[in-house]
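Enquirer: Okay, structure incoming, though there's no sequence with it:
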Ligand SMILES: [Fe+2]
Ligand SMILES: [Fe+2]
Ligand SMILES: [Fe+2]
Ligand SMILES: [Fe+2]
Ligand SMILES: [Fe+2]
Ligand SMILES: [Fe+2]
Ligand SMILES: [Fe+2]
Ligand SMILES: [Fe+2]
């Protein structure tokens, strides 16, 4: 099964980029399933119902989230009913929404799991123990499992890759908004990358206007960040999974920007 | 001027990798100057006199450091006298060593600057103001300036890239030990990458044994990490700088591992 | 010179408490000067012009701030002109307002200095070096110096007490909103307390509604905290300074609440 | 039931202080049970078998720990067998030792629980949910329950007080080593104080030599802290619990130092 994952979609620039490039991505990678991280889709802060529909309409089939899940309060109205969206699974019992789900596409099935890290991030339940619990349960139902580990520290993300090697088909990181150049298949068959990078404005800071972020770093004064209006880039991951074993057979980062992209 | 930068060298595996690959790197990239980050060169923790000599003998011409600068106390004996080594410049006045220096290679000169970030790291002086101060001074002496910004957060590193765009020839990040796939030349001519990645054991966690790191994440119990003994990888950056302007004309990440490398 | 310092005033409950108790405080402690921390005076978040006037009218003669200085954006309109208000002095050059000032009361003068810590708080310039700089300058003008060190960690605050022992008349802490029971005079004559505590609602969490704070800790979900509406308490510090030497001769915490207070 | 709790005992100065003052504490407070926090008893870092015996021999009947539990590796040899010692209960399943226990003294029983906070501290399981679980279980066995919440942030500690109000007899904080002046009985009968303070050297920084701590803050250079050799102070809490209801009937901080103490 071929899977395309699109990294953190930031604001309208990010959504427009997804819509513009999905035909090209489908042509080039022939994915059976397209998953995207949507935690910054609504103006950089969370997601809402209309944007969720917009992304599904564009061809995204499953959405993962992260620390910005609740930024847009509209999500509380629909997350419990949206079976194609996952928020971090290691939030406390009783948290709205779900932490894992199975995405169907034709006869194919891909389980997607969202976990959040604890290093340099607010407290949450242990992502490693939660990963054990969920992956063990999912493996009784399906072989193909994609884990989006939304975390800050490279050490925690790499550790999760090793932790799930041979048990998940893919462990990919999101949250830092910068793609890492360490895509590989681990010894037991799990495709891994520390961060898939973001999708949206290329010339800001993590997708936000660079002037205000820079001013904040230098002056320390409070600032409200807006999504930057610059050229776009799209970052993500392509993985090919052997459906009989659930192991990855190939993995490759996807990195395209407005200057480098040549429409077919 | 062609420059090769080698990312955080971890332990003996890292040093052996540097020695093994430098001839190949020189053949392939034809660098006029080779710089390396050495903060983890001595068993993952700091550097000492013998290892410093070993790296210079191998062909490294300048060494940058980071948050692990002082891990090996032997450094206090020689850092004040070693003009080819820089530690973060934004440490308090009176700190041993220097924060920037000029590396000479034949008739060529490359200024190297080391700065450390403050997000998710211990307090230090403002790296942005210190960068202004140093870069303005250096530009009166030389056009070619390489800044190693040793920092954790992608936002802070990207902000530094924009901050120095057009004033430094290269702003590259170190510290996360994972190479990022965002090498580019910014609009005003500064080559930029968020992290160059590390050099040393490939199958650990940031170069350390993965079993103990994973156990630490899961159990929270104290652990002493050792450098992993696995296959190696080398990560770094190649930059070509126009010496008449100090602007970068090309930049490319270097990523090689024991399985992919084919000796000439 | 007798000084009363009133700890972080939180919201209207806090302001009403100050107005209710100031006559009693003046009667009981006979202060020559009254200083208060006002960083939470406006609904828990910053301060504004009307509240500043309200506090001065009530008898407060100098106001210190903290990490919440800029929460209410109205402050930018008047802080540069308000010579009786100090914000942390170790913010970057160019920050609005001032970090120290001299408060006059009749023929008496008390210099007040505001500094902010760096442990568990956002980056700022070194408070210890900044303290040296300011205190050395102030001592050429006046002997009586009060330092409000707004910081989280007990270690950093105690270290500041020792750092300034014999050079400041008083080093008192604010920010944690809980009074500490360690008021003393250090060997060289500086009155010290790690935290003066807060003034405002007694039965919340740091002055905010306890239900929402508790829910936030348990669920991790975003929450907007409101000032609690409960009985009040007032916490602060009384110090008596020998004006010929600038040394403290006595220090005592002030702790009063709605149940324990018996109006004269 | 009258209980004396002795705050974090630091090094030999702390242990000697306990031994010197216990007869006086017993005379003055007539406690039925004496509990102490021992996480810094061995040179500031953890505890060992001999020191554990020493404290029990001196009259301490139960020992709580904290983030320094594992600093002295000798603890692994005896913690599983020592039923009178508790380490934070909200560490992962499989952690050596126990998180709560029942201390017997004559015909009386006091359950003691140790929890650790997550704000400004390493990740752990949710202390609030763990508190629910343990306190609910304990209440089926005994009415008198003392919770030592070892945490940094005042907000988290106060929130725990409210969380357990009416369910625990005492919620006291440790870890900051500075006693807070907010001892009270909450509306539903739980005695509460944010921090009991420490026991050991009075004129250091949290019990460690002040020169090296201050140098660390100013220079940022690595330092190894030693227990200070200064006059002593002892900080703790006295609580009287109604054994028929498990509610506290009185609470008072204990603060004594070498200069103020007058032996009987
Ligand atoms: Fe994101
Ligand atoms: Fe995120
Ligand atoms: Fe490193
Ligand atoms: Fe580093
Ligand atoms: Fe405050
Ligand atoms: Fe504050
Ligand atoms: Fe302690
Ligand atoms: Fe502690």
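Expert: Good, I have the coordinates. Bear in mind the structure is a predicted one, so any value in this text is a computation, not a measurement. Ligands and ions are numbered 1, 2, ... in the order given.

Enquirer: what residue lies at the spatial centre of chain A?
Expert: The centre of chain A sits closest to residue A:37, judged by C-alpha atoms, centre = their mean, with a distance of 3.3 Å.

Enquirer: Give the bridge partners for that residue, please.
Expert: For residue A:37, the beta-bridge assignment (DSSP bridges) gives partners residue A:64.

Enquirer: wait, what's in contact with the residue lying closest to residue A:151 once chain neighbours are set aside?
Expert: Among residues not flanking residue A:151 along the chain, residue A:117 sits closest, at 2.6 Å (C-beta to C-beta, 6 or more residues apart in numbering or on different chains). The C-beta positions use only the backbone N, C-alpha and C, and glycine is treated the same way. Residues near residue A:117 by C-beta atoms under 8 Å, 6 or more residues apart in numbering or on different chains: A:127, A:149, A:150, A:151, A:152, A:153, A:156, A:157, A:175.

Enquirer: 10 Å instead?
Expert: Counting by C-beta atoms under 10 Å, 6 or more residues apart in numbering or on different chains, residue A:117 touches A:66-67, A:88, A:90, A:124, A:127, A:149-153, A:155-157, A:159-160, A:173, A:175, B:217, D:123.

Enquirer: Ramachandran coordinates for it?
Expert: When read as degrees, to the nearest 10, the backbone of residue A:117 gives phi -80, psi 170.

Enquirer: which residues touch the residue nearest to the centre of chain A?
Expert: A:5-10, A:60, A:63-66, A:68, A:114, A:148, A:150, A:172, A:174-175, A:177, A:196, A:198-199, A:236.

Enquirer: can I assume residue A:132 sits in a helix?
Expert: Yes - with DSSP: H, G, I helix; E, B strand; the rest coil as the criterion, residue A:132 is located in a helix.

Enquirer: which helices and strands sit right next to the helix or strand containing residue A:255?
Expert: Taking DSSP states H and E as the criterion, residue A:255 maps to strand A:247-257. Contacts defined by 3 or more C-beta pairs under 10 Å, 6 or more residues apart in numbering or on different chains; DSSP states H and E place strand A:247-257 against strand A:2-6, helix A:11-29, strand A:170-174, strand A:184-185, strand A:191-193, strand A:232-242.

Enquirer: How are the strands of the stretch 51-200 of chain A distributed by residue range?
Expert: A:62-64, A:85-86, A:100-105, A:108-116, A:145-150, A:170-174, A:184-185, A:191-193, A:200-201 (DSSP state E, counting those that start in this stretch).

Enquirer: what inclination does the fourth one have with respect to strand A:2-6?
Expert: With axes from the mean of the first three to the mean of the last three C-alpha atoms, to 10 degrees defining the directions, strand A:108-116 sits at 30 degrees from strand A:2-6.

Enquirer: Relative to strand A:108-116, what are the paired strands and their orientations?
Expert: Here, using DSSP bridges, strand A:108-116 pairs with strand A:100-105 (antiparallel), strand A:145-150 (parallel).

Enquirer: which residues touch the nearest residue to residue A:244 once chain neighbours are set aside?
Expert: Take residue A:244 and drop its neighbours on the chain: the residue closest to it by C-beta to C-beta, 6+ apart is residue A:143, 7.6 Å away. Taking C-beta under 10 Å, 6+ apart, we find residue A:143 in contact with A:1, A:109, A:110, A:111, A:169, A:241, A:242, A:243, A:244, A:245, A:246, A:247.

Enquirer: Look up how far residue A:192 lies from the residue nearest to residue A:151.
Expert: Separation of residue A:117 from residue A:192 (C-beta to C-beta, to the nearest Å): 15 Å.

Enquirer: circling back to that earlier point, buried subset of the contacts of residue A:143, written for ChimeraX?
Expert: Applying 16 or more other C-beta atoms under 10 Å in any protein chain shown to the contacts of residue A:143, the buried members can be selected in ChimeraX as follows:
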select /A:1,109,110,111,169,241,243,246,247
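
Enquirer: any idea which of the contacts of residue A:143 is the one closest to ligand 3?
Expert: residue A:169 (30.6 Å; C-beta to the ion).

Enquirer: Just the pLDDT at the closest one, thanks.
Expert: On pLDDT, residue A:169 comes in at 98.

Enquirer: now it: how far from ligand 8?
Expert: Distance, residue A:169 to ligand 8, by C-beta to the ion, to the nearest Å: 42 Å.

Enquirer: cool, residue A:101 as well?
Expert: Distance from residue A:101 to ligand 8, by C-beta to the ion: 41 Å.
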